[in-house]
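K.L.:
task: produce atomic coordinates for the following.
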Amino acid sequence: MIEAHLGDTIDIHGGGHDLIFPHHENELAQSTCAHEGAEYARVWMHNGFLTMNKEKMAKSVGNVVTVRDLLQNHRGEVIRLALLSAHYRQPLDWSDETLLQARKRLDGLYDVLDSIEGDAQPGSTPSGEFLDALFDDLNTPKALAVLAEAASAAAKSKANQAADLKIQIQAAGSILGILQHDPDDWLRSGTDRDEIEQLIDNREAARKNKDFAAADKIRDELAARNVEVRDRPNAPPRWVRRIS
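P.N.:
Here you go, the predicted structure:
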């Protein structure tokens, strides 16, 4: 079938680690002999196993989870980042904690993007260090580490440098399929948004009137809703939702 549709040599052959021996080794030997020594595959890619709470995922065990099921409670980018957090050749243990950590990482990245003016334009490129990580056998954990370092630097930088770093972060995110939402929507969307913003306005009014007891009470109420309020000098406060 491969010979009929792709020729004697193919670019990429993939599969799980459990198929290396004997299946793929036999396949390689048979194809090479059948085509007078011609190279069979230029690149072999074997992925690590996915476990569920440190146990092999299997229908017989009853611990199989589908993406459709996960999307009922988690955003698609959270699932994608969780999968990218391990190198494709290495095993990945899937658990609620895996998804929670992915969500927190995304929240942090979106938080930085939200705090900086400007956006990436079509044709924007990520840093060379980020691309080098992907060219190094699709090293997504290293690429994500580069992304985190850029976000940390952006949060501490002055306006122009922060804007440049934001463009690089967004360009990198577009390659990985993350950071594709509007940061404001990611961090603040919800049916109670208007109510939350009214509470923040009430708190600001209480602070201006030096009614700090009332202001603190409102802040505590917001915190109970997992809303973090950040006061800023000479600017309205910023707020974001936090995971409980």
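
K.L.:
okay, now the domains of this protein?
P.N.:
1-47, 82-186, 190-241 (automatic domain parsing).

K.L.:
between those, which one is nearest to Val61?
P.N.:
domain 82-186 (13.0 Å; Cβ to Cβ). Heads up, the C-betas are built off the backbone N, CA and C, glycines and all.

K.L.:
so how far is that closest one from its chain's centroid?
P.N.:
Taking Cα atoms, centre = their mean, to the nearest Å, one finds the center of domain 82-186 at 7 Å from the center of the full chain.

K.L.:
what about it, start to end distance?
P.N.:
For domain 82-186, the separation between the terminal residues is 17 Å (Cα to Cα, to the nearest Å).

K.L.:
residue numbering should commence at 12 henceforth.
P.N.:
Shifting the count to begin at 12 puts that one at domain 93-197.

K.L.:
tell me the mean pLDDT over that domain?
P.N.:
Domain 93-197 shows a mean pLDDT of 96.

K.L.:
quick check: which element contains the residue in the chain sticking out farthest from the centre?
P.N.:
The C-alpha centroid of the chain is most remote from Glu47, which lies 45.2 Å away (Cα atoms, centre = their mean). For Glu47, there is no helix or strand it lies in under DSSP states H and E.

K.L.:
may I have the phi/psi pair for it?
P.N.:
With angles defined as degrees, to the nearest 10, Glu47 sits at phi 50, psi 40.

K.L.:
and the residue nearest the centre of this structure?
P.N.:
By Cα atoms, centre = their mean, the most central residue of the chain is Leu92, 3.1 Å off.

K.L.:
pretty sure that residue contacts Asp118?
P.N.:
No - in this structure, Leu92 is not within contact of Asp118 by Cβ atoms under 8 Å, at 10.8 Å.

K.L.:
His85: which of the domains of the chain is closest?
P.N.:
domain 93-197 (5.7 Å).

K.L.:
secondary structure class for the residue nearest to Lys153 when sequence neighbours are not counted?
P.N.:
Distances taken as Cβ to Cβ, 6 or more residues apart in numbering place Ala144 nearest to Lys153, at 4.0 Å, with adjacent residues excluded. Using DSSP: H, G, I helix; E, B strand; the rest coil, the three-state assignment for Ala144 comes out as helix.
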